[in-house]
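[1] What follows is a predicted structure for the sequence shown.
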Amino acid sequence: MGWLKVLEKDQLTDDERRVIELQGHKILVLRHEGRVYAMLNKCPHMGAPLKSGRITENHEIVCPLHRSVFDMESGEIADWSPWPPIIGKAMGRLRQENALRVFRTKEENEAIWIEVEEG
């Protein structure tokens, strides 16, 4: 594992979101309530971009498509495809439940860093 500098600290204000390319993946980097989070910008359910997803008071991101909910720190599933009513759960069975891939972040030397696999 290694740390990569992805943004200058002042390039990401509170509640701002940016999608960056990193090791062939689109990574959503956002600052919420003063903390920086990084995750794949792709819902594990059907691949919808998460950039416009709603952030909950529990620091979870909600997929704008079928409203799957993921913890932004751990990637754990809080709710899997609850939308639309009645058929949402059936649609959830189209794909195996998978956690959201998240990345550790740190702020150091006026920059934002993401921990990635080396190689």
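    Cool, the structure landed.

[2] alpha carbons only for contacts and neighbour counts from here, please
    Noted.

[3] list the contacts for Ala111?
    5-10 (Cα atoms under 8 Å, 6 or more residues apart in numbering).

[4] And it, what's its pLDDT?
    Listed pLDDT for Ala111 reads 97.

[5] Run through the bridge partners of it.
    Glu8, Glu108 (DSSP bridges).

[6] And for the one 4 residues further on?
    When bridges are taken as DSSP bridges, the partners of Glu115 come out as Trp3.

[7] since we're on it, how many residues are nearby?
    Residues lying near Glu115 (other Cα atoms under 10 Å) number 16.

[8] From here on, call the first residue 104.
    Sounds good: first residue 104 from here, last item Glu218.

[9] Who is Glu124 paired with across the strands?
    Bridge pairing for Glu124 - DSSP bridges - gives Lys129.

[10] Go ahead and confirm it touches Leu131.
    No - using Cα atoms under 8 Å, Glu124 is not in contact with Leu131, being 9.0 Å away.

[11] neighbour count winner among those two?
    A count of neighbours by other Cα under 10 Å puts Leu131 above the other of Glu124 and Leu131, at 21 against 10.

[12] Shouldn't that one be within a strand?
    Yes - with DSSP: H, G, I helix; E, B strand; the rest coil as the criterion, Leu131 is assigned to a strand.

[13] which intervals of this protein have sub-threshold pLDDT?
    Applying pLDDT under 70 to the chain flags residues 185-199, 221-222.

[14] Work out which residue lies at the spatial centre of it.
    Met142 (3.3 Å; Cα atoms, centre = their mean).

[15] Work out for me the element it sits within.
    strand 138-143 (DSSP states H and E).

[16] Can you list the strands that that strand pairs with?
    Sheet pairing of strand 138-143 (DSSP bridges) gives strand 128-135 (antiparallel), strand 205-206 (antiparallel).
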